[in-house]
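Asker: sequence and predicted structure, then a few things I'm wondering about:
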There are 2 protein chains.
Amino acid sequence: MKKIVRQNLVEEYYNHFPLTDFFNFDITPYASVVQFESGEMIMQEGTAPAYLYYLINGRAKLLLSHDNGRMSLINFLNAPCFIGEMELIGAQNMSNGVTAITICTCYAININSSRNKILKDVKFLSHLCLFLGQKAIGNTYNYSRNQSYPLDVRLANFILLTAQNGHYREKHTESSEFLGVTYRHLLYVLADFVKRGILIKTNSGYYINDVTYLQKLANYETDVIKVT
Amino acid sequence: MKKIVRQNLVEEYYNHFPLTDFFNFDITPYASVVQFESGEMIMQEGTAPAYLYYLINGRAKLLLSHDNGRMSLINFLNAPCFIGEMELIGAQNMSNGVTAITICTCYAININSSRNKILKDVKFLSHLCLFLGQKAIGNTYNYSRNQSYPLDVRLANFILLTAQNGHYREKHTESSEFLGVTYRHLLYVLADFVKRGILIKTNSGYYINDVTYLQKLANYETDVIKVT
DNA sequence: AAGCTACTATGAGAAATCTCACATGCTTTT
DNA sequence: AAAAGCATGTGAGATTTCTCATAGTAGCTT
């Protein structure tokens, strides 16, 4: 986590993403602008987070570790989005793990010093309710949408979400678990993508050769498929 | 919607489910206790709801109608649970449809007269955040759990959720859509359940012959399945 | 009465997906 | 150095699920 201190840069963020509008009191003494590198851990699972983050730029993933020490990907977090809000309001006792996929720029709000003020701030609570509500709606939409689609569609989505610089390099074991299919089958479909010229296999993963087609697949409209 | 007026009954509800604890002001002038019959519409889709409900007993289903006039089942609502909270906070402009599955007892809070007070009440907003957060967590858990399981498991769950008095009588077209499988395949699996003696076909639906087995299936533990 | 739509129902073959079995390479443990 | 654990890869056969085709029934329309 790198704190951004260049004053003019910080001001610019505040201008574009007016965090101050979320609170009835002055939040700036408690907040700073921070950045996480791609792959860096934003929240460690099981620990009580010290900050409430508000992701203003970037993409992260939400992880859950099982008893056997395995990690599984639960969901993606896209800006703009709170991180750590569940723990803050106590909906969750143990925090989930969150890792940056791309570079993530966030407001970091120190909880310890401001918790009482925050949790009694009508403006903030309203915003949080709205955020949680919309997230729930989005999730529901996504889930019910996903469930109907065969793996190639979901995989296309997944690749687009996790790839960086046109390069997909997730572990097959983790992907297959997240996508709810067998490792074996995932490999079949990946091989099929390669055969179709959508992906190109590299020694460290897969290179996206035909983004357009991948996007078409991901957006999945019956018509599109019929044509293919 | 039937309003419950017998004073001692109303008091009993308030004692068991202290709605008053959700607010910093006295909500009772705005609230009443109401009951919906099984199958009765609790919220009509597309209309601005007049009440915020808090379901204290019963089970309902959340519906969404498509452009073509078709309804699809999105989710189940189990007590205790808010109904209409998304519309209240403005996370959703058009309300979803909600229909009672079993008899549903709710607190009905008149929105028009109390909206301003409610939306500025810290206590209520905190509770709502907590509710929304926990619901989101539950949903996520459910969805990621479901996606991995074959139809028989999900169907077992679905039957248990929708059946009344041991009788399952959903329309196959709607069920198959909700479960994300073909009509054809749903019938196969239902037929299989009948063959296995779990269900018994009646002229109006299916009678649950072996609840225990259905529950085992629904809870799906690898061990259980291995044995079968 | 004929036609239309929607739900139910069943059969047969195809496609998607799973299970199991086995081989390889890379790390970590012993 | 051997053993064990884990991710990758591939093959073959089994199971689940889909597609398509066909029919019957009920209600509604014309």
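Answerer: Here it is on my side, so go on. Numbering: from 1, shown residues only, chains lettered A, B, ... in the order given.
Asker: show the pLDDT at the residue nearest the centre of chain A.
Answerer: In chain A, the centroid-proximal residue (Cα atoms, centre = their mean) is A:L77; its distance is 2.1 Å. On pLDDT, A:L77 comes in at 95.
Asker: cool, and A:T228?
Answerer: What the model reports as pLDDT for A:T228 is 24.
Asker: which residues of chain A score low on pLDDT?
Answerer: Within chain A, the stretches with pLDDT under 70 are A:66-70, A:220-228.
Asker: circling back to that earlier point, okay but the residue nearest to the centre of chain A is in contact with A:E85, surely?
Answerer: No - the criterion here is Cβ atoms under 8 Å, and A:L77 misses it with A:E85 at 11.0 Å. Placement of C-beta: from N, CA and C, glycine included.
Asker: quick check: next helix or strand after the strand or helix carrying A:S176?
Answerer: A:S176 belongs to helix A:172-179 when assigned by DSSP states H and E. Counting by DSSP H and E, the next helix or strand C-terminal to helix A:172-179 is helix A:183-195.
Asker: which helix runs longest in chain A?
Answerer: Determined from DSSP state H, the single longest helix within chain A is helix A:122-148.
Asker: next, the angle from the helix or strand just after it to helix A:183-195.
Answerer: Note on helix A:122-148: by DSSP H and E, the next helix or strand toward the C-terminus is helix A:151-162. Orientation check (axes from the mean of the first three to the mean of the last three Cα atoms, to 10 degrees): helix A:151-162 against helix A:183-195 gives 80 degrees.
Asker: burial count for A:S72?
Answerer: 14 (other Cβ atoms under 10 Å in any protein chain shown).
Asker: who does the helix holding A:S176 touch, helix- and strand-wise?
Answerer: Under the contact definition 3 or more Cβ pairs under 8 Å, 6 or more residues apart in numbering or on different chains; DSSP states H and E, helix A:172-179 sits against strand A:71-78, helix A:151-162, helix A:183-195.
Asker: ok, the closest residue to DNA strand D within chain A - contacts?
Answerer: The nearest approach of chain A to DNA strand D comes at A:H172, 3.3 Å away (Cβ to the nearest atom of the strand). For A:H172, the contacting residues are A:183, A:186-187, A:190, by Cβ atoms under 8 Å, 6 or more residues apart in numbering or on different chains.
Asker: redo these as JSON lines? Include neighbour count and distance to A:A100.
Answerer: Output for these, formatted as JSON lines (neighbours: other Cβ atoms under 10 Å in any protein chain shown; distance: Cβ to Cβ, whole Å):
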{"residue": "A:Y183", "neighbour count": "12", "distance to A:A100": "26"}
{"residue": "A:L186", "neighbour count": "20", "distance to A:A100": "24"}
{"residue": "A:L187", "neighbour count": "12", "distance to A:A100": "27"}
{"residue": "A:L190", "neighbour count": "21", "distance to A:A100": "25"}
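Asker: and those, which is closest to B:E37?
Answerer: B:E37 lies nearest to A:L186 out of these, by Cβ to Cβ, at 47.7 Å.
Asker: how close does the nearest residue to that closest one once chain neighbours are set aside sit to A:L62?
Answerer: In this structure, A:L186 finds its nearest non-sequential neighbour in A:S176, 4.3 Å apart by Cβ to Cβ, 6 or more residues apart in numbering or on different chains. In this view, A:S176 and A:L62 are 18 Å apart by Cβ to Cβ, to the nearest Å.
Asker: now swap in A:Y13 and tell me
Answerer: To A:L62, A:Y13 is 23 Å away according to Cβ to Cβ.
Asker: A:A91 too?
Answerer: Separation of A:A91 from A:L62 (Cβ to Cβ): 14 Å.
Asker: ok, A:F124 next?
Answerer: 22 Å.
Asker: and these two? which has more neighbours close in?
Answerer: Neighbour count, other Cβ under 10 Å: between A:F124 and A:L62, A:F124 has more, with 22 against 19.
Asker: contact residues of chain A facing DNA strand D?
Answerer: By the rule Cβ under 7 Å from any atom of the strand, the part of chain A lying against DNA strand D is A:171-173, A:183-184, A:187, A:191.
Asker: go again with 6 Å.
Answerer: Counting by Cβ under 6 Å from any atom of the strand, the residues of chain A lying close to DNA strand D are A:171-173, A:184, A:187, A:191.
Asker: make TSV out of the residues you listed and add distance to DNA strand C.
Answerer: Shown next, in TSV, are these (distance: Cβ to the nearest atom of the strand, whole Å):
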residue	distance to DNA strand C
A:K171	12
A:H172	12
A:T173	11
A:R184	4
A:L187	9
A:A191	11
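Asker: and the helix or strand hosting A:I109, what does it pack onto?
Answerer: Using DSSP H and E, A:I109 maps to strand A:104-110. Helices and strands touching strand A:104-110, by 3+ Cβ pairs under 8 Å, 6+ apart, are strand A:31-36, strand A:51-57.
Asker: just want the angle from that strand to helix A:122-148.
Answerer: Per the same axes, to 10 degrees, the angle that strand A:104-110 makes with helix A:122-148 is 140 degrees.
Asker: in its sheet, which strands sit next to strand A:104-110, and in what direction?
Answerer: Within its sheet, and counting by DSSP bridges, strand A:104-110 is paired with strand A:31-36 (antiparallel), strand A:51-57 (antiparallel).
Asker: for DNA strand C, find the nearest of those strands.
Answerer: DNA strand C lies closest to strand A:31-36 among those, at 24.1 Å (Cβ to the nearest atom of the strand).
Asker: what's in contact with that closest one?
Answerer: Contacts of strand A:31-36 (Cβ under 8 Å, 6+ apart): A:1-4, A:9-10, A:13, A:19, A:42, A:53, A:58, A:60, A:100, A:103-110.
Asker: stretch A:192-199 too?
Answerer: In contact with stretch A:192-199 (Cβ under 8 Å, 6+ apart) are residues A:152, A:155, A:159, A:168, A:190, A:200-201, A:206-210, A:213-214.
Asker: and the end-to-end length of that stretch?
Answerer: 9 Å (Cα to Cα, to the nearest Å).
Asker: show me what contacts A:K135?
Answerer: So A:K135 contacts A:81, B:136 (Cβ under 8 Å, 6+ apart).
Asker: next one: it relative to B:G133, how far apart?
Answerer: 10 Å.
Asker: touching, A:E40 and A:V98? I think so.
Answerer: No - look at A:E40 against A:V98 with Cβ under 8 Å: they stay out of range, at 10.0 Å.
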